[in-house]
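Participant: Mind folding the following:
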Amino acid sequence: SDDSKEVVVARSTVLYEKGKHYFEISVESASDDAQIMLGCAFPSVVESYLFIPEELHHHVGMTSRGEIVLFSEIVASDCSKVFVGDTMGISLDLDANTAIFYRNGNPVYRTEDRRLLGSFTPTLHAVGKFTVSLTPTPRIPQGVPSWSSTFRQEPISILKDGLTVEMPEGDITRTIWASTVYSFGVVYVEFSIELLHRDGKITLGFGNRNFCNSATALPYEEYFVLGYDCRGNILSKGKFIKEGMIPYGNGDLIGMMLNFEKETMTIYKNGHPEIVVDAPGVSVGVSPTATFTKGPHSVRLVPMPRVPPPSPRWDVQVSHKSAIVSNFGLTALSGTASGTPMAMSTYVFERGIGYIEIVIDFLPESAYMNVGIAVKGAHESADRILKPDCKHICYTSIGEVYNMGKRVSNDLEDFTTGDRMGLLVNMDAGSITFIRNGHPVAFQTGITCAVRPCVCFGYKNYQVSIDASAKMPLLGAPRWDPVHRHKELKLSRDYMTVVNKTFMASPTLRATTAFTSGANYFEVRVVEVNLGGHIAFGLGNEEVYKNTAVLAPPQYNFYSYTSSGVIMVKGKKHIEDVEKYTKGDFIGFKYDVDSRFIIFYRNRKPIAEIEDVDEGLYPAMTFGNEKFSATIQPNARQRLEVPAFDGQSCPDELELYHYNSTCVNASKTGFPTVRTMQAFRTGTFFLEVNVDPLEEGGWMLVGV
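Facilitator: Take a look at the predicted model:
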């Protein structure tokens, strides 16, 4: 129907009154504004033309927007959304009054309600244009996983929730298996590391639980089909196949996506794909497994985790016949010396922000290749420049950019063997950023439909690989944006140094990404500025780079610290007569998005503070009409006392001063403790405090 408000209601011919049942649909097509809900209800539901039926029809369902509806109420709205090509299923147990909702064979929600009693029929409610198919003979997926008390080796114990297991202290090795057995489809299981003893080891994976009574020390048994231990080692059938990969520890979430058709497994750490390995022999039927060595340890099964998208591959079905795909779909090679054959990925940019990174395995210097995006079907052409209807936007190895068949940029950075080309696509903005070796090199707009990553080869044996574990470039990474800058501002090759080349107006530029959460520090060194010259350093909105005025107008939301010693807020003087800065000085700011304040620093000492600032601002600089220059200090946040003391949790006995960077103990009793506002979660960090004064015989402890 063209009417986006008309509700379509349909019911199945089948009627369920008792026992266990499973039914499933596949979404073949749907318009952007379409909504689909698969459910079950009393047959009288066809008399209701509401998208969410009245309670009297005893309707339960799952919508394509990730909502769970129970008896006319939305009880959950954060489940996985359903897109074209996905399946939606419901497992109904009328004897136990339970229903489990599935997306692509993985459970997303489970409910138990006494009202699930009576005669139920599968139902469909929808608005907008759509096409769905009812699967006539679906394979019944496994339910919500839990640990099995039957397939458990002593002294491992299972807590009441059935999801958490504990291994007591002791220099022994023991294993436990889950209650579910998987043998088909694509399955995702997630473990939460609750406790890992520093001298012990945990190995997670899949195995055959029929060997529960084996006396051999696990996980080095033949039946341990695939294992991943906390030290980053991969085991398959009792042997190490990869060592020293990505380790894990306390608090980490370890996910495993098992593809039974391709016999591969992708290992995720905290929601990000890290390792892709071969998984032979899984089709015999395997269960999630945890092996503990030298406890105490504790692991929790996440019952219904949010399933991440599968890691990208090259897709043989939508690649040119001369493109040879190997290495589990990660590597593509040109097999012809004629034309420009294309390899296209399985990954589809449909909505939101997506990222894929392509490694150039072999490309001779001055040879031709392009990487970019195009619509499905573009692979049928082997032309060097594709027609506009292919929606092809690409970056070439000789530093050119093509958009819909037209060259729009040239003389950019080239790429060759060993380089990495990243594609950062924002479907909401219809834009793509090309990233070479971690730094943006080009930006284009004009994306209006779903597209896929692709590579076009210029000659035989040119080869590329997808980095399945590549991380999206970090938001807030300190780099000047080569796209969003005045044309007279020149950047160094690493995008760290900016030089003003004009004597006209006041050109401006901003950094590549905005700060959107937490407390952030950004610092530059003033390389060149004349006495009395003008530089404004601070934060502005995404349009701030368009400014050419000495005092940026209010629409750019520019909060700045000028070289003449003035703090500016949206074009107006906020604080005057603060310290001036000149050549060789380090100027920085601390931007706390959550608390909405900015502290400016000169040579790492606080100068002034601005409160009630806007969110989502970009680092930015405006230069006066001279050849002034500044360089980003990428490691500045490790040198500065960025983590201020936390005023909210600070006890009354302690007093905080100087923007919460100084703490004074006003009490002579007890041992009052203060912590910083920020927690360090990853990477290497450095914290330094000055102790002044500490009386003789006094006591102080600094730590983490």
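
Participant: count of neighbours near Val14?
Facilitator: Counted by other Cβ atoms under 10 Å, the residues lying close to Val14 total 12. Quick note: C-beta positions are derived from backbone N, CA and C, even for glycine.

Participant: I'd like the distance from it to Ala126, if you could.
Facilitator: Plainly put, Val14 is 19 Å away from Ala126 if you go by Cβ to Cβ, to the nearest Å.

Participant: now do Phe120
Facilitator: Phe120 is 19 Å from Ala126, where distance means Cβ to Cβ.

Participant: More neighbours: those two, which one.
Facilitator: Higher neighbour count among Phe120 and Ala126: Phe120, with 27 against 22, using other Cβ under 10 Å.

Participant: didn't the more buried one look like it was pressed against Ala41?
Facilitator: Yes: applying Cβ atoms under 8 Å, one finds Phe120 in contact with Ala41, separated by 6.5 Å.

Participant: Quick check: neighbours shared by these two?
Facilitator: The contact sets of Phe120 and Ala41 overlap at His58 (Cβ atoms under 8 Å, 6 or more residues apart in numbering).

Participant: Could you report the separation of Thr289 from Arg313?
Facilitator: Per Cβ to Cβ, Thr289 is found 26 Å from Arg313.

Participant: Comparing these two, which residue is more hemmed in?
Facilitator: Neighbours per residue (other Cβ under 10 Å) separate Thr289 from Arg313, with Thr289 holding more: 25 against 21.

Participant: For the more buried one, which residues are in contact?
Facilitator: With Cβ under 8 Å, 6+ apart, Thr289 has these contacts: 175-178, 204-207, 209, 219, 224, 227.

Participant: Of those, select the buried ones using a ChimeraX command.
Facilitator: Buried members of the contacts of Thr289, defined by 16 or more other Cβ atoms under 10 Å, are picked up in ChimeraX with:
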select :175,176,177,178,204,205,206,207,209,219,224,227
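
Participant: Which residue in the contacts of Thr289 has the weakest pLDDT?
Facilitator: Minimum pLDDT for the contacts of Thr289 is recorded at Pro219 (53).

Participant: burial count for the nearest residue to Lys81 once chain neighbours are set aside?
Facilitator: Computed as Cβ to Cβ, 6 or more residues apart in numbering, the closest residue to Lys81 that is not its neighbour in sequence is Gly66, at 4.4 Å. By the criterion of other Cβ under 10 Å, Gly66 has 17 neighbours.

Participant: Tell me which residues touch Gly66, please.
Facilitator: 77-82, 108.

Participant: Can you lay out these as JSON lines showing pLDDT, secondary structure and neighbour count?
Facilitator: Listed next are the contacts of Gly66 as JSON lines, based on pLDDT from 0 to 100; DSSP: H, G, I helix; E, B strand; the rest coil; neighbours: other Cβ atoms under 10 Å:
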{"residue": "Ser77", "pLDDT": "87", "secondary structure": "coil", "neighbour count": "11"}
{"residue": "Asp78", "pLDDT": "83", "secondary structure": "coil", "neighbour count": "11"}
{"residue": "Cys79", "pLDDT": "86", "secondary structure": "coil", "neighbour count": "18"}
{"residue": "Ser80", "pLDDT": "82", "secondary structure": "coil", "neighbour count": "18"}
{"residue": "Lys81", "pLDDT": "84", "secondary structure": "coil", "neighbour count": "13"}
{"residue": "Val82", "pLDDT": "87", "secondary structure": "coil", "neighbour count": "23"}
{"residue": "Val108", "pLDDT": "91", "secondary structure": "strand", "neighbour count": "24"}
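
Participant: buried sites along stretch 447-466?
Facilitator: 447, 450-459, 462-466.

Participant: for Thr180, what are its contacts?
Facilitator: By Cβ under 8 Å, 6+ apart, the neighbours of Thr180 are 142-143, 145-146, 287-288.

Participant: For Leu687, see how far away the nearest residue to His320 once chain neighbours are set aside is.
Facilitator: Leaving aside its sequence neighbours, His320 sits nearest to Pro341 (Cβ to Cβ, 6+ apart; 3.7 Å). According to Cβ to Cβ, Pro341 stands 54 Å off from Leu687.

Participant: now Ser149
Facilitator: For Ser149, the distance to Leu687 - Cβ to Cβ - is 46 Å.

Participant: and what of Ala99?
Facilitator: 51 Å.

Participant: which one of the two has more residues nearby?
Facilitator: Ala99 (24 against 13).

Participant: The helix or strand hosting that one - contacts with which helices or strands?
Facilitator: Per DSSP states H and E, Ala99 falls inside strand 98-103. Secondary-structure packing of strand 98-103 (3 or more Cβ pairs under 8 Å, 6 or more residues apart in numbering; DSSP states H and E): strand 60-63, strand 87-93, strand 106-112.

Participant: Out of the buried residues of stretch 447-466, which one has the lowest pLDDT?
Facilitator: Lowest pLDDT within the buried residues of stretch 447-466 is found at Ala450 (87).

Participant: Give the closest residue to it in space, chain neighbours not counted.
Facilitator: Glu350 (4.7 Å).

Participant: Isn't the one you found up against Arg452?
Facilitator: No: contact criterion Cβ under 8 Å: Glu350 and Arg452 do not qualify, at 9.9 Å.

Participant: For Val425, give its distance to Ile353.
Facilitator: 7 Å.

Participant: I should have written Thr508 there, sorry.
Facilitator: In this view, Thr508 and Ile353 are 25 Å apart by Cβ to Cβ.

Participant: So these two - more neighbours on which side?
Facilitator: In this view Thr508 and Ile353 are compared by other Cβ under 10 Å, and Thr508 has more residues nearby, 25 against 13.
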